[in-house]
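Student: one predicted model, sequence on top.
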Amino acid sequence: MAQKEGGVAKKGEEGTKFALSLLEEFELPMGLLPLADVVEVGFVRPTGYMWIAQQKKVEHNFKLAGKLVSYGTEINGYVEKKRIKKLKGVKAKELMLWPPVNEIAVDDPPTGKIHFKSLAGVTKTFPVEAFAAGQ
């Protein structure tokens, strides 16, 4: 795939650690990607393109945000400081629907807020600490 050209990929546990290091580097909450059974995590630094493959879909309940989020077996997007754009493979439950989340952004300068935008133009805002590691 052309998007992956020039990228660095890590498998399994190393991939999980790589994903967490990228979240930290780009100042995103460490608990934002609750990954399980990672197959591969990759990143192309010149473009910011990141991909994650995991063995099975993961559903995670962020209790402080009161939000159930589904992470598919293939997740990808473009990472930059405090933001993930063109995100694919992540859905957040709204009532009975699972609209795809296509952008996540943390306020800069920091306000303690994180915003999830859907393709439908709906934006939901939560406290950043709701997505800290271990939540």
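Tutor: In hand now; what should we look at?
Student: residues contacting the residue nearest the centre of the chain?
Tutor: Centroid-nearest residue in the chain, with Cα atoms, centre = their mean: Leu33, separated by 4.9 Å. Residues near Leu33 by Cβ atoms under 8 Å, 6 or more residues apart in numbering: 19-20, 23, 52, 71, 75. For every residue, glycine as well, the C-beta is placed using N, CA and C.
Student: just Leu87 next, same as before
Tutor: 75-77, 100-104 are the contacts of Leu87 under Cβ under 8 Å, 6+ apart.
Student: give me the buried subset of those residues.
Tutor: 75-77, 101-104 (16 or more other Cβ atoms under 10 Å).
Student: determine the number of other residues adjacent to the residue nearest to Ser70 when sequence neighbours are not counted.
Tutor: Distances taken as Cβ to Cβ, 6 or more residues apart in numbering place Lys91 nearest to Ser70, at 4.5 Å, with adjacent residues excluded. By other Cβ atoms under 10 Å, the residues close to Lys91 number 18.
Student: buried sites along the longest strand anywhere in the chain?
Tutor: Using DSSP state E to define each element, the chain has its longest strand at strand 67-80. Within strand 67-80, the residues scored as buried using 16+ other Cβ under 10 Å are 67, 69-72, 75-79.
Student: now do stretch 80-95
Tutor: 82-84, 87, 89-92.
Student: in CSV, list the contacts of Leu33 along with distance to Thr125 and pLDDT.
Tutor: Shown next, in CSV, are the contacts of Leu33 (distance: Cβ to Cβ, whole Å; pLDDT from 0 to 100):
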residue, distance to Thr125, pLDDT
Ala19, 24, 96
Leu20, 24, 94
Leu23, 19, 95
Ile52, 24, 97
Tyr71, 20, 95
Ile75, 22, 96
